[in-house]
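Asks: how would this look folded up:
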Amino acid sequence: MSAGPGSPLVSGSAPPAGGFVRRVGLFQATAINMSQMCGIGPFVTIPLMVAAFGGPQAVIGFVAGAVLALCDGLVWAELGAAMPGSGGSYVYLRQAFQYRTGRLMPFLFVWTAMLFIPLIMSTGVVGFVQYLGYLAPGLGQTSGDLIGLGVVALVVLLLWRGIEHIARITAVMWTVMIASVLLVIVAAASDFSPHLAFTYPAHAFDLTSDHFWLGFAAGLTIGIYDYLGYNTTAYMGAEIKEPGRALPRSILFSILGIMAIYLLLQIGTLGVVDWHRMTNPDDIASTSVASAVLEKTWGKGAADTVTVLILITAFASVFTGLLGGSRVPYDAARDRVFFRPYEKLHPKHRFPMLGLATMGVITAIGFLIGRHTDLATLIQLLTTVMVIVQALAQIVALTVLRRRQPALKRPYRMWLYPLPSIVAFAGWCVIYGYADRNSPGRHPIEWSLAWLALGCVAFLVWARLEKVWPFGAKEISEEYLTPQEPAVV
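Replies: This next block holds a predicted model:
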């Protein structure tokens, strides 16, 4: 089917039959999200959060991150329930922006996602090796590097199988994750000191201070990093059973569950370990704060045991992150918006082989870079890269689709629309706007804009070769609408 330049091609067929199988239920979907959200994140970022705020008022960062995650999660919930395809944001951006810019936005999303998703996973591997150092204090740089690379290889090997086996593995890892965080929370409660947890330095809540708002912006960035993963099942929409019901619930249940866990974990830790220790790079509390809590409360043996559980939790977060992320380029390649080899599924187990392999390699490279980079700065860089093309663009996409495709079946509609969208948009803007000030000398905004510009150049080269907009007709594909329910063009 073809048409002359400027004449969009419009189709309204049902989504094409893909190779994925819907075998992941609500419990497994929630477990996948929670495993990816928790992982090693809070165990390595609690000291970073304390350093950002300069005291135990750092709990504000986790609360702010939870609010942003909830508001942004409602965006994912509506879009995911309405368009449960593999690829998550790719699907939503393709549907919303195709009317004006053709395939530019979904191309840019895949371009950035192939970088930021595995790099975020690499921070989990960095945390894994960091906590392993508690069990093996003499672990050298080279040994740590080799162990981290081995972890990445093992994750890819375990994911090289059918989704029904992965769902069972994930449920086991979720159980271990819950056990590890609950043990730390219970240990902290057994020796909790309100004086440590709730004694704040002078001017801790001075809202007129520039220092407070710099700390808030840094804390919000760290906080949302800890919650990232609430959207993992949206990338697996084509593999979720009853997606209109299960997908929104998995997002909301996982955010609320992790929010409760994080607040108990943060406050409990601050009530056992003096916050000054967390800002001292020579103190074990700055690198393995959960182990320090267990060592002080229940002794070294208990600390070693829980540290092992934390390592399994870190492994689970990388596992589930690459599970969802590897699905991103699949739909794009199938729709000719990314390199075509990425559309190939494993002939027996039906998973995207090249997407998984590529992200595994980038995760390994990111791990090696992260071992020699400040973790807080790495988080800042990764978050900044994804803000424009995913976070902000997706919020706009929800509004565009409500106007362009009012007849789109929406099993879930955002509560209090558009208020959560506005709050989420403002939160992401704060993170982006303060990025340079919280990472002096690193220039995360400049790097993100440079990567985006390079993506636009790559798109123009690709579009020229494929003869699509702006070098050909816009191809409008409204596959989630029935032919009797046209969009507003």
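Asks: alpha carbons only for contacts and neighbour counts from here, please
Replies: Will do.
Asks: The longest helix belonging to the chain - contacts with which helices or strands?
Replies: Longest helix in the chain, counting residues (DSSP state H): helix 104-135. Helices and strands touching helix 104-135, as assessed by 3 or more CA pairs under 8 Å, 6 or more residues apart in numbering; DSSP states H and E, comprise helix 41-53, helix 89-101, helix 141-159, helix 300-325, helix 328-334, helix 353-370, helix 375-386, helix 444-466.
Asks: try it again with 6 Å
Replies: Under the contact definition 3 or more CA pairs under 6 Å, 6 or more residues apart in numbering; DSSP states H and E, helix 104-135 sits against helix 89-101, helix 300-325, helix 353-370.
Asks: got the angle between the last one and helix 141-159?
Replies: Our comparison of helix 353-370 with helix 141-159, counting by axes from the mean of the first three to the mean of the last three CA atoms, to 10 degrees, yields an angle of 160 degrees.
Asks: Could I get the buried residue list for whichever strand or helix holds A31?
Replies: A31 belongs to helix 26-38 when assigned by DSSP states H and E. Neighbour counts over helix 26-38 (16 or more other CA atoms under 10 Å) mark L26, Q28, A29, T30, A31, I32, N33, M34, S35, Q36, M37, C38 as buried.
Asks: Now do the residue nearest to the fifth one when sequence neighbours are not counted against I60, distance only.
Replies: Which is A31. Once flanking residues are discounted, A31 sits nearest to W174: 5.6 Å by CA to CA, 6 or more residues apart in numbering. Counting by CA to CA, to the nearest Å, the separation of W174 from I60 is 26 Å.
Asks: So if I had to pick from these two, which one is more boxed in?
Replies: Per other CA atoms under 10 Å, whichever of W174 and I60 has more neighbours is W174, with 26 against 18.
Asks: how far is the host helix or strand of the more buried one from where the chain is centred?
Replies: Using DSSP H and E, the element containing W174 is helix 163-190. Put simply, helix 163-190 sits 19 Å off its chain's centre (CA atoms, centre = their mean, to the nearest Å).
Asks: Now that helix: buried residues?
Replies: 163, 166-167, 169-171, 173-174, 176-181, 183-189.
Asks: What average pLDDT does it get?
Replies: Here helix 163-190 scores 80 as its mean pLDDT.
Asks: and that helix, what other elements does it pack with?
Replies: Using 3+ CA pairs under 6 Å, 6+ apart: helix 163-190 touches helix 300-325.
Asks: Now flag whichever of the buried residues of helix 26-38 is closest to L256.
Replies: Comparing those against L256 with CA to CA picks out M34 as the nearest, at 9.9 Å.
Asks: Would you agree the closest one is in contact with L252?
Replies: No: with contact defined as CA atoms under 6 Å, M34 does not count as touching L252 (10.5 Å).
Asks: Relative to the whole chain's centre, how far out is stretch 187-198?
Replies: 31 Å.
Asks: end to end, how far does it reach?
Replies: Start-to-end span of stretch 187-198 (CA to CA) is 18 Å.
Asks: Mind picking out the helix or strand in this structure with the poorest mean pLDDT?
Replies: strand 9-11 (a mean of 39; mean pLDDT, DSSP states H and E).
Asks: Quick one: distance of stretch 324-340 to the chain centre.
Replies: Relative to the centre of its chain, stretch 324-340 is centred 18 Å away, using CA atoms, centre = their mean.
Asks: Using the neighbour-count criterion, name the buried positions in that stretch.
Replies: Of the residues in stretch 324-340, 324-334, 336-338 count as buried by neighbour count, 16+ other CA under 10 Å.
Asks: go on, stretch 372-381?
Replies: Neighbour-count burial for stretch 372-381 [16+ other CA under 10 Å]: L375, A376, T377, L378, I379, Q380, L381.
Asks: So the third one versus P118, what's the distance?
Replies: Distance of T377 to P118, computed by CA to CA: 16 Å.
Asks: Same question for the fourth one.
Replies: From L378 across to P118, the span is 13 Å (CA to CA).
Asks: returning to what we had before: let me have the helices and strands packed on helix 104-135 in CSV, adding mean pLDDT and distance to W428 as columns.
Replies: Listed next are those as CSV, based on pLDDT from 0 to 100; distance: least, CA to CA, whole Å:
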stretch, mean pLDDT, distance to W428
helix 89-101, 89, 16
helix 300-325, 85, 21
helix 353-370, 88, 24
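Asks: closest one to Y134 among those?
Replies: Set against Y134 and scored by CA to CA, those come closest in helix 300-325, at 7.9 Å.
Asks: So which elements touch the closest one?
Replies: If you count contacts as 3+ CA pairs under 6 Å, 6+ apart, helix 300-325 packs onto helix 26-38, helix 104-135, helix 163-190, helix 289-297.
Asks: which residues make contact with the shortest one from outside it?
Replies: If I follow you right, that is helix 289-297. When contacts are defined by CA atoms under 6 Å, 6 or more residues apart in numbering, helix 289-297 is touched by residues A285, A303.
Asks: now it against helix 300-325, angle please.
Replies: With the same axes, to 10 degrees applied, the angle from helix 289-297 to helix 300-325 works out at 160 degrees.
Asks: Render the CA-only coordinates of helix 289-297 in PDB, please.
Replies: Extracted C-alpha coordinates of helix 289-297, given in PDB (Å, rounded to 0.1, in the frame of the first residue of the first chain):
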ATOM      1  CA  VAL A 289      24.400   0.200  55.100                       C
ATOM      2  CA  ALA A 290      22.000  -2.700  55.400                       C
ATOM      3  CA  SER A 291      24.900  -5.000  56.500                       C
ATOM      4  CA  ALA A 292      25.900  -2.300  59.000                       C
ATOM      5  CA  VAL A 293      22.400  -2.400  60.500                       C
ATOM      6  CA  LEU A 294      22.400  -6.200  60.900                       C
ATOM      7  CA  GLU A 295      25.900  -6.200  62.300                       C
ATOM      8  CA  LYS A 296      25.000  -3.700  65.000                       C
ATOM      9  CA  THR A 297      21.600  -5.300  65.900                       C
END
